[in-house]
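**Q** Below: sequence and its predicted model.
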Amino acid sequence: MKNFLIIGCLLIMSMSLSAQNFGYVNTQELIQQIPAVKEANANIETYTAQLQRKGQDMLKALQTKYQELDRKQQQGAISPLKLDEEAAKLKEEEGTIMRFEQESQQKIASKSDDLLRPLREQIEKAIKDVATENNFDYIFDYSMGIVLYADKSSDVSDKVKTKLGL
């Protein structure tokens, strides 16, 4: 029953849309060809590596402190009360490291958005310009798997590339 309903909907849609002009573009291919995207991704990777290094350094320092506290306990060089105090401080430091990791992820996402948003907007504008100039009613993104079949003559990727100066 579902198949008949889907086929019926597709037939009705195809009849009502037959006068409309469609095109498609592969945005993933476009993104890979834009030099500014490569530069932005390199900046994001560098920033991510810096934050990861800092987090790893914090973690190593914490591990060293735990080892030192364990050594003191093994040697009997620390009282039980002082041991509890030091362990509590290290637990607080663990929380600080966890917050740093969460904040780092947010910072990376924010930096990524800041660097890539203008590029996405540039691509969207180029696609809209091509659609307007060539009287396309719809342009689909081939890279998203939305297009099940497309005649090569409907591919507007080259026109969008021209708009982007590629």
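**A** Sure, I can see it.
**Q** which residues does Phe21 contact?
**A** That one is not Phe; residue 21 is Asn. When contacts are counted by C-beta atoms under 8 Å, 6 or more residues apart in numbering, Asn21 touches Asn134, Asn135, Phe136, Asp137, Tyr138. In this view, the C-beta of every residue, glycine as well, is placed from N, C-alpha and C.
**Q** could you redo the last one with a cut-off of 7 Å?
**A** Shown in contact with Asn21 (C-beta atoms under 7 Å, 6 or more residues apart in numbering): Asn135, Phe136, Asp137.
**Q** Going by neighbour count, which of these comes out on top?
**A** Counting by other C-beta atoms under 10 Å, Phe136 has the largest number of neighbours within the contacts of Asn21, with 20 neighbours.
**Q** next one: phi and psi at it?
**A** Main-chain dihedrals, Phe136, degrees, to the nearest 10: phi -80, psi 130.
**Q** How much space separates it from Glu45?
**A** Distance, Phe136 to Glu45, using C-beta to C-beta, to the nearest Å: 36 Å.
**Q** Now do the helices in the protein.
**A** Along the chain, counting by DSSP state H, helices occupy 2-17, 27-33, 35-75, 80-133, 157-164.
**Q** export the ones you listed to JSON lines and tack on mean pLDDT?
**A** Formatted as JSON lines, these follow (pLDDT from 0 to 100):
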{"stretch": "helix 2-17", "mean pLDDT": "52"}
{"stretch": "helix 27-33", "mean pLDDT": "90"}
{"stretch": "helix 35-75", "mean pLDDT": "96"}
{"stretch": "helix 80-133", "mean pLDDT": "95"}
{"stretch": "helix 157-164", "mean pLDDT": "88"}
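**Q** of those, which approaches Ile146 most closely?
**A** Ile146 lies closest to helix 27-33 among the helices of the chain, at 11.0 Å (C-beta to C-beta).
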